[in-house]
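Trainee: I need the structure of the sequence given here:
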Amino acid sequence: MPWNLAKGNAFLPDVSVKELEKLYHNEKKTKPKQRLLCALHRKEGASMDEIAAMMRMSRATVHNWLRRFELRGLGAKDSIKQSGKPPLLSLKERKRLIKDLERGPLHNPDGLWTTKEVRKLLETKYHVHFWPQHVWRILTALGFSLQKPRKRHYKSASDEEIEAFKKPRGGSQDDTEGAALLWARRMKPHSV
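Mentor: Numbering: from 1, shown residues only. As a prediction, the model looks like this:
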């Protein structure tokens, strides 16, 4: 990577300092504004080290930005959208997966899947391997949710103990009036 970039009037020879200043002041986004400021300083004759110190950035970052300006012109102020890694499951495969999941597992009569079962289905039928956490992300992205609560702790109270612990609720008129008054007190606006 050559470090010898043009500076002064040789840097972006078709663009004036005034044009760069106008673009800088009209730009609303932060990153393009920073890139334009680097280009403006370079156009005014600042060295790479001076620009890096003013911008509080590494010399390599400043160099890469200025190099992009030399290669792409003023369009270098904006980032090029990166496509990213393509998904392992195509749209068609995801639609088939939804149908497979809606049918339910063959051996499970209640029709609920476990993460392990979905992961195994993905490996056997679709020939893709995902980590268990990613299977969760896929299922939620496809609109599926957790249907069974996790197992209770072995020390938790039984249903009978919970019912015995609860206060008995009488169906008398006084209890409902008290509840209505309590609600009314909570709804009053606070005075200053």
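Trainee: okay, domains of the chain per the record?
Mentor: The chain breaks down by automatic domain parsing into domains covering 8-77, 91-141.
Trainee: would you mind finding the most buried of these?
Mentor: Greatest average neighbour count among these goes to domain 8-77 (a mean of 16), per mean count of other CB atoms under 10 Å. No exception for glycine: its C-beta is placed from N, CA and C like everyone else's.
Trainee: end to end, how far does that one reach?
Mentor: Taking CA to CA, to the nearest Å as the measure, domain 8-77 stretches 18 Å from start to finish.
Trainee: could you do stretch 151-163 as well?
Mentor: 20 Å.
Trainee: chain center to it, what's the gap?
Mentor: Mean C-alpha position of stretch 151-163 versus that of the full chain (CA atoms, centre = their mean, to the nearest Å) differs by 38 Å.
Trainee: hmm, who's touching it?
Mentor: Contact with stretch 151-163 is made by residue 165, as judged by CB atoms under 8 Å, 6 or more residues apart in numbering.
Trainee: give me that answer again for 10 Å
Mentor: Contacts with stretch 151-163, where a contact means CB atoms under 10 Å, 6 or more residues apart in numbering, come from 164, 165.
Trainee: now that stretch: mean pLDDT?
Mentor: Averaging pLDDT along stretch 151-163 yields 85.
Trainee: got it, and stretch 20-30?
Mentor: Rounded mean pLDDT across stretch 20-30 is 92.
Trainee: quick one: the helices in this structure?
Mentor: For the chain, the helices defined by DSSP state H cover 17-26, 30-43, 48-55, 59-72, 91-103, 115-125, 132-141, 159-165, 173-187.
Trainee: now the third one: average pLDDT?
Mentor: Read that as helix 48-55. In this model, helix 48-55 carries a mean pLDDT of 92.
Trainee: repeat for the longest one
Mentor: Averaging the model's pLDDT scores along helix 173-187 yields 45.
Trainee: swap in the fourth one?
Mentor: Across helix 59-72, the average pLDDT comes to 91.
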